[in-house]
Each structure stands twice: as C-alpha cells, then as structure tokens.
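K.L.:
no sequence on hand, only this structure:
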C-alpha cells in the first residue's frame, strides 16, 4: 500500500520492519492446485470438523467461566448455566451439538477417504493420523459428557472405566489413571476436566498439525487420475516467466475458489448448530447419586455400536473384537496395500468397507431402538 506520492504509510513501514514476511510465499500457497472433484462439498469434508472444533473452543472457553470441576459444584454450576446465566443454555447447547456434529463429520470424512482410496500410497500415515483424530474426538465427547455429573453421565463414566479395567495388561492402570482411585468419584471429575481442557486439546493440535503437514506435502489425491499420478504429490508447472500455472480442466485454485466453498459450509454449520441448540437444547438430569443406579444406563449414541456388541457376546470376546477392529482400522492402508500387491485389480476393500459400515450402522440402530 502506497500513498499517491509514492511514500509508504508509517504504520505499514513499522510492520514491515518488525515482521519481515515475504508476501510472495503466501501468494504461492494461495495458488495450491485443488482437484476439480473437490468442488463438490461431500469431497471437502475435511475442513468441516475443524470449523466445528473452533465452535467448541469458543463455547468451551465461555463455559469454563462458570463451570466448577468438583463433585459438589459440577452439577450445580451446569444448572446455573442453564437457568440463570444469560444465554448460558444456548452456549452449552451449541457446544453439545457441535461435538455431536464433529463426530459425524469426522466419520463421514473417513468414509469418503476410504471409499475413494485416498488412504493408499503414499498417504498411509495420514490415514493413521486421521484415526488418531477420531479417537481424540471420541475422547472429547466421553470426558465432556461425564463433566455434567448428572445421574446418566456419572454411571456412563462408571461403566466406561469399568470396561477399561477389563482390558488385559494395561486395563487396571488405565482405569486407575482415569478414575484417580478404585471407583468414580471427585478425583475422576478433576481428571476428566484436565483431559478435556488440557491434554486432549494439546493432542488434537499436534495431530491436526501433522495431518495438515502431510496433506500439504502429498497434496489432495486427484480422484480420476491414474495410479502413478495419485502416488506422487500434485505439482504445478512453471511458465516462461516463472509463474505457477495448472490445467484449469483438472484443478482450481485454493484461493479464492476452495476458501469460498469452505466459508459457505461454515455459515451453514453455524446456522445448523444454532437451530439445533434452540429446538433441542441440552438436557440436564438429576444430580449424580453413587447409591442409586438408574434402571436403564446407556452411553451417548456414538458408543451405541460398541455397547450393543458387548451385549451380544461374552465380555472377553467383545473387548477382543473391539480391540482387533480398532487395530485393523489403524493399519488398514498397509493391509490393503499388501493385498493389492498380490492382486492389483482386487476390490476387496470395497467389500470390507461396505460390510463394516452396514454392521456398525446396524448395531447403532439396533441399540437406539432397544
């Protein structure tokens, strides 16, 4: 920015001297080539969890102004938020719905990546990081739900930590770490609060940074490109003047095209979360009572498939099956790669993915209707 006489304003000169940033670097990043299929919103679900996470960060900070992570004050502080603090009920409801939608968005994004084969070489490690982000997201949901400290959340935390204790070798240690003792109590609430606002946010920032770093290195997979093109990073050519260019029939620019799409998705999410918070505000049950077990204890909906699975089989088999399924999910790109090395034209991944999806969905609906 320069004045008509060609001089640079003092404030801009001040910033340039103290923050000597090369603007051309940001201009180059803004020209990052994005494959044409990413113009469809269902292919660019990766940014959706990030937006929902931002909503949770803002609303979560506001909630901590009033929340007290003690056995005596937790439930009462949530009640005060819902009944006495202006718009407290709305902030809590937005936080809750953003958490639920974030789980949905992460799962849908992973489904899209799976069925388009975007986890294959050289992007296997990014899939592993994505599975880690799913685990952290579920950890956020579990610890946040327990912080309400009403009857259902207290006993859900009790059941969850008891199940963790049954895991061979590390189960007793993990349960003790979560509970801070032999059973769920005041120490558990404090530890869940530390996990929810300290440990898990730190972990999600690290994983997101690694996820974006790997994505930036390899680029977004071009859906209709041949395998040899998919297995190398997206590049742009240099013209005679040294400027970056790419085929507009195959790619479009990150800015402003892709950024505009993400902004539209973000505005839609804000509208949706607000409407859900108003129509279906967050519920608060009676205070936690360790002496009175509710007749029907159920976790939140995102744990329904595992909960129903554990009802159908012996506990040891249920835990073993859940562990093996999680292990297969983490290392799936390498299992698939080994299989495709033997049978390159095999579509076994589509069969495994479809059966797994229908099985998980069936268990979820079954538990929801029971």
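P.N.:
That came through fine. These numbers come from a predicted model, not from an experiment. Numbers count the residues shown, from 1 in each chain.
K.L.:
what comes up buried for the helix or strand encompassing residue 264?
P.N.:
Counting by DSSP states H and E, the element that carries residue 264 is helix 259-279. For helix 259-279, burial by neighbour count (16 or more other C-beta atoms under 10 Å) applies to 261, 262, 265, 266, 269, 273, 276, 277. Glycine gets a C-beta too; all of them are placed from N, C-alpha and C.
K.L.:
could you do stretch 197-205 as well?
P.N.:
So for stretch 197-205, counting by 16+ other C-beta under 10 Å, buried means 197, 200, 201, 203, 204.
K.L.:
tally of neighbours for residue 195?
P.N.:
A count of nearby residues for residue 195, using other C-beta atoms under 10 Å, gives 21.
K.L.:
tell me the SS of it?
P.N.:
Recorded secondary structure, residue 195: helix (DSSP: H, G, I helix; E, B strand; the rest coil).
K.L.:
find me the pLDDT at it, would you?
P.N.:
pLDDT, residue 195: 94.
K.L.:
show me where the stretch 1-150 of the chain has its strands.
P.N.:
33-35 (DSSP state E, counting those that start in this stretch).
K.L.:
any low-confidence regions in it?
P.N.:
For the stretch 1-150 of the chain, applying pLDDT under 70 flags the ranges 1-8, 22-31, 37.
K.L.:
against residue 321, how distant is residue 123?
P.N.:
28 Å (C-beta to C-beta, to the nearest Å).
K.L.:
sketch out the helices for the stretch 201-350 of the chain, chain order is fine.
P.N.:
227-230, 259-279, 304-312, 315-330, 332-342, 348-369 (DSSP state H, counting those that start in this stretch).
K.L.:
and of those helices, who's closest to residue 193?
P.N.:
helix 259-279 (22.7 Å; C-beta to C-beta).
K.L.:
contact partners of that closest one?
P.N.:
For helix 259-279, contacts defined as C-beta atoms under 8 Å, 6 or more residues apart in numbering pick out 38-39, 41, 44, 47-48, 51-52, 55, 90, 93-94, 96-98, 101.
K.L.:
if you look at the residues you listed, which of them are in helices?
P.N.:
47, 48, 51, 52, 55, 90, 93, 94, 96, 97, 98, 101 (DSSP state H).
K.L.:
got the contact list for the residue nearest to the last one when sequence neighbours are not counted?
P.N.:
Pointing back at residue 101 there. Nearest residue to residue 101 in three dimensions, chain neighbours excluded: residue 52, at 5.5 Å (C-beta to C-beta, 6 or more residues apart in numbering). Taking C-beta under 8 Å, 6+ apart, we find residue 52 in contact with 98, 99, 101, 102, 105, 269, 273.
K.L.:
rewinding a little: let me have the buried residues of stretch 197-205 in JSON lines, adding distance to residue 174 as columns.
P.N.:
Shown next, in JSON lines, are these (distance: C-beta to C-beta, whole Å):
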{"residue": "197", "distance to residue 174": "20"}
{"residue": "200", "distance to residue 174": "15"}
{"residue": "201", "distance to residue 174": "20"}
{"residue": "203", "distance to residue 174": "16"}
{"residue": "204", "distance to residue 174": "20"}
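K.L.:
just put the buried residues of helix 259-279 in JSON lines and tack on distance to residue 187.
P.N.:
Formatted as JSON lines, those follow (distance: C-beta to C-beta, whole Å):
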{"residue": "261", "distance to residue 187": "46"}
{"residue": "262", "distance to residue 187": "42"}
{"residue": "265", "distance to residue 187": "41"}
{"residue": "266", "distance to residue 187": "39"}
{"residue": "269", "distance to residue 187": "36"}
{"residue": "273", "distance to residue 187": "33"}
{"residue": "276", "distance to residue 187": "34"}
{"residue": "277", "distance to residue 187": "32"}
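K.L.:
nearest to residue 289, of those?
P.N.:
Looking across these and measuring by C-beta to C-beta, the closest to residue 289 is residue 277, at 28.2 Å.
K.L.:
who has more neighbours, residue 123 and residue 321?
P.N.:
Between residue 123 and residue 321, counted using other C-beta under 10 Å, the more crowded position is residue 123 (23 against 15).
K.L.:
can you tell me how far the residue nearest to that one when sequence neighbours are not counted is from residue 86?
P.N.:
Of all residues not flanking residue 123 in the chain, residue 218 sits nearest, at 5.5 Å (C-beta to C-beta, 6+ apart). With distances taken as C-beta to C-beta, residue 218 is found 47 Å from residue 86.
K.L.:
please say which of the two ends up with more neighbours.
P.N.:
The neighbour comparison of residue 218 against residue 86 (other C-beta under 10 Å) goes to residue 218, with 19 against 7.
K.L.:
the more buried one contacts residue 120, correct?
P.N.:
No: counting by C-beta atoms under 8 Å, residue 218 sits too far from residue 120 to count as a contact (11.0 Å).
K.L.:
rewinding a little: need the helices of the stretch 201-350 of the chain in CSV (columns: mean pLDDT and distance to residue 10).
P.N.:
Formatted as CSV, the helices of the stretch 201-350 of the chain follow (pLDDT from 0 to 100; distance: least, C-beta to C-beta, whole Å):
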stretch, mean pLDDT, distance to residue 10
helix 227-230, 51, 50
helix 259-279, 90, 31
helix 304-312, 93, 61
helix 315-330, 93, 55
helix 332-342, 92, 54
helix 348-369, 94, 60
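K.L.:
pipe these into TSV and attach distance to residue 173 per row.
P.N.:
Shown next, in TSV, are those (distance: least, C-beta to C-beta, whole Å):
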stretch	distance to residue 173
helix 227-230	42
helix 259-279	38
helix 304-312	21
helix 315-330	16
helix 332-342	28
helix 348-369	29
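K.L.:
how about the ones you listed, which one is nearest residue 21?
P.N.:
That would be helix 259-279 among the helices of the stretch 201-350 of the chain, by C-beta to C-beta, at 19.4 Å.
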